[in-house]
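S.K.: Sharing a sequence plus its predicted fold:
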Amino acid sequence: MLPILVENVVYRHINNGLIEKKKKFIDHLNKKEIDDFIENADDSTETYSQFSTLHSEFLVLSKIRVKEKDKKAIFTNEYRIIEGEENEYRILQYHFTYENQGYQLEIGSSLSEVNDLTFIIRFFIIIVLVVILLVTFLADTVYIEYLLKPFYKIIDTKIRRVNEPEAFDHTPIKANSRDFRELDLVLNQMMDRISELFKKEKQFISNVSHELLTPIALLKNKFENLLQNDSLDDNAVDKIAGSLKTLDMLKKIINNLLLISRIENNQYEATENINFHEIIDDLQEDFQDRMEDREIDFVNQMEFDYVFIGNKTLIHILIYNLVTNAIKYNRPKGNIIISDGFEKERYFISIADSGLGMSEAHLEKIFNRFARINSDQEGQGLGLAIAESIASFHHIEIKVVSKINEGTTFTLVLPEAVKHN
């Protein structure tokens, strides 16, 4: 609206100037001046004209027949040719009667300079508005950041950094806003309830461990005692042996699920020095007979004697499960290559096999519990789920690259610094 307002102000100023000049002209008008300045342009029209320098103003007085309804001032914008030069003028037209003779008075003021000035003013207004918008945006951004500082602090200290209820900080956040204080209070109350549920879950896991494993152990002992009975025929012995195998598998599933639950509930310490080179050497020795049976070549290309702080038992289980998969899903006379290195200052260890490989669909769900690539293979589908839980506990990133009939590579990328729970 500012350019329109400026234009109205400018026109009003010009109109007032034209009215003032008209008033002076009319007040000093007399018959002698009219007779002196009227020039006969033709037989029917007598016109008086006067121009200022540079054609910025003009005054024209013409004899016309004036009606009563025409006796008023009219302002118009018109283009006039003055001495061969066309310009736009703001023109005041005034009809009056002097000594029974009607006259038309036209006083014009050039708009060329006004238009230039108006353009400059409009341009200046646009620049000022842009600057004001930028300054307002920056000021609002800074002010909003200041207002939301308690909110970001709540998000950072009480949500993002909290991995377990026991580590939650119940210290009230200093905030001037009642809404943020209320949010902080609600988060504290919510975390108290979650902490209580975690305690109940841990207690439940402990009870499940006792209540399920004990009956399994009793059943296993009874079946083993039955096998000692010489009166059983071969069919009964086979059934009992099958039941024992099922109980062993059930016991293993329960132990694996309990292991995952304990890891996710942070029931393990992570304060031991772990040497990956030693773990790989031990696993190579443990799996030597199994790899020889399938003629699998185990190649250790590790170059760094890297030490990591964590839980040695869990890390051993993590790498054990990955190497087990590399053997299980490898092809006969295949190979397993273990290598390590540094990527963006982060140590990594890679376990690659020349096995069956996996499709994109399989890669998306390999870490799901009870997920198996091949239903014909033995196992419960918990090995990689356990591996992921252990890696998450130690803040280790697992990367998987696989191609059908070419093999699979698991890469463990360790964190830059110690970030244990």
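M.R.: Everything's here; your move.

S.K.: quick one: pLDDT of the residue nearest to H316 when sequence neighbours are not counted?
M.R.: Of all residues not flanking H316 in the chain, I279 sits nearest, at 5.7 Å (Cβ to Cβ, 6 or more residues apart in numbering). In this view, the C-beta of every residue, glycine as well, is placed from N, C-alpha and C. As summarised for this prediction, I279 has a pLDDT of 90.

S.K.: got a list of what I279 touches?
M.R.: Going by Cβ atoms under 8 Å, 6 or more residues apart in numbering, I279 touches I315, H316, I319.

S.K.: Take the residues you listed and keep only those in strands.
M.R.: If you go by DSSP state E, the contacts of I279 have nothing in strands.

S.K.: so which of those residues would you say is closest to R294?
M.R.: Nearest to R294 out of the contacts of I279 is I319 (Cβ to Cβ; 19.4 Å).

S.K.: Pull the number of nearby residues for the closest one.
M.R.: Counted with other Cβ atoms under 10 Å, residues neighbouring I319 total 22.

S.K.: Look up which helix or strand the closest residue to it other than its chain neighbours falls in, please.
M.R.: Excluding its sequence neighbours, the residue lying closest to I319 (Cβ to Cβ, 6+ apart) is I279, at 5.6 Å. Applying DSSP states H and E as the criterion places I279 in helix 276-286.

S.K.: Tell me how far G108 lies from R90.
M.R.: 7 Å (Cβ to Cβ, to the nearest Å).

S.K.: Those two: which is more packed in?
M.R.: When G108 and R90 are compared for neighbours, G108 comes out ahead with 26 against 20, by other Cβ under 10 Å.

S.K.: What mean pLDDT does the lengthiest helix in the chain get?
M.R.: Criterion DSSP state H: the longest helix present in the chain is helix 178-227. Averaging pLDDT along helix 178-227 yields 81.

S.K.: give me the number of residues near V130?
M.R.: With other Cβ under 10 Å as criterion, V130 counts 10.

S.K.: Quick one: distance of the helix or strand encompassing it to the chain centre.
M.R.: V130 is part of helix 112-155, with elements assigned from DSSP H and E. Relative to its parent chain, helix 112-155 has a centroid offset of 25 Å by Cα atoms, centre = their mean, to the nearest Å.

S.K.: and the angle from that helix to helix 178-227?
M.R.: On the basis of axes from the mean of the first three to the mean of the last three Cα atoms, to 10 degrees, helix 112-155 is oriented at 40 degrees to helix 178-227.

S.K.: Tell me which other helices or strands helix 112-155 touches.
M.R.: helix 2-27, strand 85-98, helix 178-227 (3 or more Cβ pairs under 8 Å, 6 or more residues apart in numbering; DSSP states H and E).

S.K.: and these as CSV, adding distance to T409?
M.R.: Formatted as CSV, the helices and strands packed on helix 112-155 follow (distance: least, Cβ to Cβ, whole Å):
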stretch, distance to T409
helix 2-27, 66
strand 85-98, 80
helix 178-227, 34
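
S.K.: Just say which of these is most tucked in.
M.R.: strand 85-98 (a mean of 17; mean count of other Cβ atoms under 10 Å).
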